[in-house]
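Engineer: Sequence first, then the predicted structure, then my questions.
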Amino acid sequence: MWAAVITLCAGAMTGLAQSPASAAVACDVAYTSTDWTSGPGQGGFSAAVTIRNTGDPISAWSLTFAFPGSQRLTQGWAANWTQSGAGVTATNMPWNGALGTNATAGLGFNGTWTGSNPKPAGFKVNGVTCGGTPSPSPSPTPTPTLQPDGYVAVTPTSLAVPEGGSATAGVKLSLRPNSNVTVTVTKTSGGDADLSASPTTLTFTPATWNIAQNVAVSAAQDADNAGGAARFTLSATGGGVFYFSSSLNATEADDEAARRVTALDQNG
């Protein structure tokens, strides 16, 4: 009587049929047998098989291989074993079908041989030969990310503009754009003609979007003693981002009324 122990390792495996379509799977299969003789040119053997999942988790497996000689399967354990001709199939039991990454399933069987007992090779799992290149997981379809809305930030939002002079407000964007943005300053219809803004366009880039630029509102010198008012709308276009418009309110501080009060004080 004699005994021999041999281990056959299969490399990477692709495409386990019971795995999710998106899984990238691979495995190693180790086959170890202990052989003995029962008479001239015949004997038996006991084989242990280990399937290691080195890829994504799987939910079931089916191992197939072919005996290269006259071996016959007599009984097996930890799997549903069948033999047809030289072909052998082992499918998982209800309790060992799910294999996480690097998890293993151990199974085995007893058999007989006549003439010789060469070891099987060409192991397959779910119809795919072990030793191939693992199929990579397909890139998942990205979930669209909603771009948040921005707005044109104005500080302060109200100005008191001295007649014959000017006052300034800082303008910037609340969100970084993907490309250049143009902010247009427009006076709302009906505003005091003496009030004007400069410049009327501002350009912001992805590098300067949060750096304030000044808009000056000027009040022309006039002869009346009424303080006018105007509203300016600041609207943004471009940049791949939607920006809400903002308003800048300007009120003229008339100097005729101040001079008249001064004159009355001086004249008693």
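Structural biologist: Here it is on my side, so go on.
Engineer: Now do the buried residues in stretch 83-93.
Structural biologist: 83, 88-92 (16 or more other CB atoms under 10 Å). Yep, even glycine has a C-beta here, placed from its N, CA and C like the rest.
Engineer: swap that for stretch 111-122, please
Structural biologist: 111, 113, 117, 119-120.
Engineer: Thr184 contacts Thr237, correct?
Structural biologist: Yes. Shown here, Thr184 and Thr237 form a contact pair, counting by CB atoms under 8 Å, at 7.3 Å.
Engineer: OK, contacts around Thr203?
Structural biologist: 180-183 (CB atoms under 8 Å, 6 or more residues apart in numbering).
Engineer: So what does Thr50 have for phi and psi?
Structural biologist: phi -120, psi 120 (degrees, to the nearest 10).
Engineer: still on that earlier bit, neighbour-wise, which of Thr184 and Thr237 wins?
Structural biologist: Thr184 (15 against 11; other CB atoms under 10 Å).
Engineer: The helix or strand harbouring the more buried one: partners in the sheet, and parallel or antiparallel?
Structural biologist: Per DSSP states H and E: Thr184 is located in strand 181-187. Partner strands for strand 181-187, per DSSP bridges, with pairing direction: strand 201-204 (antiparallel), strand 229-238 (antiparallel).
Engineer: Quickly, which of these bottoms out on average pLDDT?
Structural biologist: Lowest mean pLDDT of those: strand 229-238, a mean of 92.
Engineer: Show me where this protein dips below the pLDDT cut-off.
Structural biologist: 1-25, 131-147, 189, 224-227, 255-268 (pLDDT under 70).
Engineer: Name whatever forms a beta bridge with the nearest residue to Thr237 once chain neighbours are set aside.
Structural biologist: Leaving aside its sequence neighbours, Thr237 sits nearest to Thr182 (CB to CB, 6 or more residues apart in numbering; 5.4 Å). Per DSSP bridges, the residues bridged to Thr182 are Thr203, Thr237.
Engineer: What residues does Thr182 make contact with?
Structural biologist: Applying CB under 8 Å, 6+ apart, the residues near Thr182 are 201-204, 236-238.
Engineer: what's the answer for Asp149, then?
Structural biologist: Counted by CB under 8 Å, 6+ apart, Asp149 has contacts 175, 241-244.
Engineer: who wins for neighbours among these?
Structural biologist: Going by other CB under 10 Å, Tyr243 tops the contacts of Asp149 with 23 neighbours.
Engineer: just checking, that one touches Leu175?
Structural biologist: Yes. Counting by CB under 8 Å, Tyr243 touches Leu175, with 7.5 Å between them.
Engineer: Tell me the spacing between the nearest residue to Leu195 once chain neighbours are set aside and Ser174.
Structural biologist: Closest residue to Leu195 apart from its sequence neighbours, by CB to CB, 6+ apart: Ala230 at 4.1 Å. For Ala230, the distance to Ser174 equals 24 Å [CB to CB, to the nearest Å].
Engineer: what about those two, which has more around it?
Structural biologist: Ala230 (23 against 17).
Engineer: Just to check, that one is in contact with Thr188?
Structural biologist: Yes. Counting by CB under 8 Å, Thr188 is a contact partner of Ala230 at 7.0 Å.
Engineer: nearest spatial neighbour of Gly97, skipping sequence neighbours?
Structural biologist: Using CB to CB, 6+ apart and skipping residues adjacent in sequence, the residue nearest Gly97 is Ala60, 4.2 Å away.
Engineer: let me redo that: Thr104
Structural biologist: Arg52 (4.7 Å).
Engineer: Using just helix, strand and coil, how would you label that neighbour?
Structural biologist: Classification of Arg52 using DSSP: H, G, I helix; E, B strand; the rest coil returns strand.
Engineer: ranges for the helices of this protein?
Structural biologist: Using DSSP state H, the helices of the chain run over 256-267.
Engineer: Show me the contact partners of stretch 108-120.
Structural biologist: 6, 8, 31, 33, 35, 41-49, 65-78, 81, 88, 90.
Engineer: among these, which ones are buried?
Structural biologist: Using 16+ other CB under 10 Å, the buried ones in these are 8, 31, 33, 35, 43-49, 65-67, 71, 73, 76, 78, 81, 88, 90.
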